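Colleague: predicted model, plus sequence, below.
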Amino acid sequence: MTSPNFVPVVVGALVVWRIYSRMRRNIGRQPLRPKRLVTRIVVYAVLTCLIAVFSVMHPSLLLGLGGGLALGLPLAWVGLKLTQFEANAEGRFYTPNSYIGSALTILLAARLAYRLIALSNIAAAPAQPPALMHSPLTFCVFGLLAGYYMAYYLGVLARSRKVLS
């Protein structure tokens, strides 16, 4: 395998591994670690703010991001309703709905894969290809994922205090 072919294979394998590990994290009983949940909320908030700042010159991108964030909130409420909490001698745990988290991860991965494939096909054309992230739909999908997880993790923190105390 030549060097130019090796880099996309390594990057692709890394992306597939991260998606797999993320999906495994969404399935089954999870230990309740408030510091980790707060860290995840902060990471999603910072990423969302950075994306919003860098897209401020494109109102359609901001609209896509805002729409996704708005759609993520009711989805998080549904996910929180389907979450089970438990406390036992081993510690405090929550079991998220595996379908919602997995579906959102697959949706974002599929959207990014579609954009990469579309851009690689356009690269052969003489016209200037659009940038990878200049798509309101891609921003909407990211906003949906970020809005869901920020609201969901906040809800898990709030509900765990009520349910498990």
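Modeller: Perfect, I can see it now.
Colleague: show me where pLDDT drops low in the chain?
Modeller: Applying pLDDT under 70 to the chain flags residues 1-12, 15, 22, 25-26, 119-133, 163-165.
Colleague: show me where this structure has its strands.
Modeller: For the chain, the strands defined by DSSP state E cover 30-31, 84-88, 91-95.
Colleague: tell me which of those is the most buried.
Modeller: Burial of the strands of the chain is given as mean neighbour count (mean count of other Cβ atoms under 10 Å); strand 91-95 ranks first at a mean of 15. No exception for glycine: its C-beta is placed from N, CA and C like everyone else's.
Colleague: quick one: that strand to strand 84-88, angle?
Modeller: Between strand 91-95 and strand 84-88, the angle comes out at 160 degrees (axes from the mean of the first three to the mean of the last three Cα atoms, to 10 degrees).
Colleague: so how far is strand 91-95 off the chain centroid?
Modeller: The chain centroid and the centroid of strand 91-95 are separated by 22 Å, computed with Cα atoms, centre = their mean, to the nearest Å.
Colleague: alpha carbons of it, as CSV, please.
Modeller: C-alpha atoms of strand 91-95 as CSV (Å, rounded to 0.1, in the frame of the first residue of the first chain):
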residue,chain,number,x,y,z
GLY,A,91,-22.9,2.3,43.1
ARG,A,92,-25.3,4.5,41.2
PHE,A,93,-26.2,3.7,37.5
TYR,A,94,-28.4,4.8,34.7
THR,A,95,-29.4,2.9,31.6
